[in-house]
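Colleague: build me a model:
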Amino acid sequence: MGPGETLTAVLVVGMLFIGLPWMILHHLTKWKGQTGISQQDEALLDELHELARRLDQRIETVERIVAAENPNWKDGRIADLSEQRRQLR
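Modeller: You can find the predicted model right below:
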């Protein structure tokens, strides 16, 4: 075995038995340190919830407008989805 192969073998063994466990343990301790979602994540979730609520109201408005112009536009599947959306609130 030449000097290049020996160096390669030492590096590979070092990465396998030292580098990989260190990296895994490092990330495990970081994940355990996070107790929940951050303030920034919570604010983003609140903003997304509000956006979803406003979009739902807009869809209902459009459905009412279209239903007023053409009462037979909905099939049963769409009516069921509208009822499910109302129940989720």
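
Colleague: rest of the way, CA atoms for contacts and neighbours
Modeller: Fine.

Colleague: domain-wise, how is this structure divided?
Modeller: For the chain, the structural domains run 1-35, 36-89, going by automatic domain parsing.

Colleague: ends of the first one, how far apart?
Modeller: Looking back up the chat, that one is domain 1-35. 51 Å (CA to CA, to the nearest Å).

Colleague: next, format the domains of the chain as a markdown table and append mean pLDDT.
Modeller: Supplementary listing: the domains of the chain in a markdown table, determined by pLDDT from 0 to 100:
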| stretch | mean pLDDT |
| --- | --- |
| domain 1-35 | 87 |
| domain 36-89 | 81 |
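
Colleague: may I see these arranged in a markdown table, with mean neighbour count as well?
Modeller: Converted to a markdown table, the domains of the chain look like this (neighbours: other CA atoms under 10 Å):
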| stretch | mean neighbour count |
| --- | --- |
| domain 1-35 | 10 |
| domain 36-89 | 11 |
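
Colleague: just checking, what packs against whichever strand or helix holds L44?
Modeller: Taking DSSP states H and E as the criterion, L44 maps to helix 39-69. With contacts taken as 3 or more CA pairs under 8 Å, 6 or more residues apart in numbering; DSSP states H and E, helix 39-69 sits against no other helix or strand.

Colleague: can you rerun that using 10 Å?
Modeller: Where contact means 3 or more CA pairs under 10 Å, 6 or more residues apart in numbering; DSSP states H and E, helix 39-69 is packed against helix 76-88.

Colleague: what sits against the residue nearest in space to the middle of the chain?
Modeller: For the chain, the residue nearest the mean C-alpha position is L45 (10.6 Å; CA atoms, centre = their mean). Taking CA atoms under 10 Å, 6 or more residues apart in numbering, we find L45 in contact with 39, 51.
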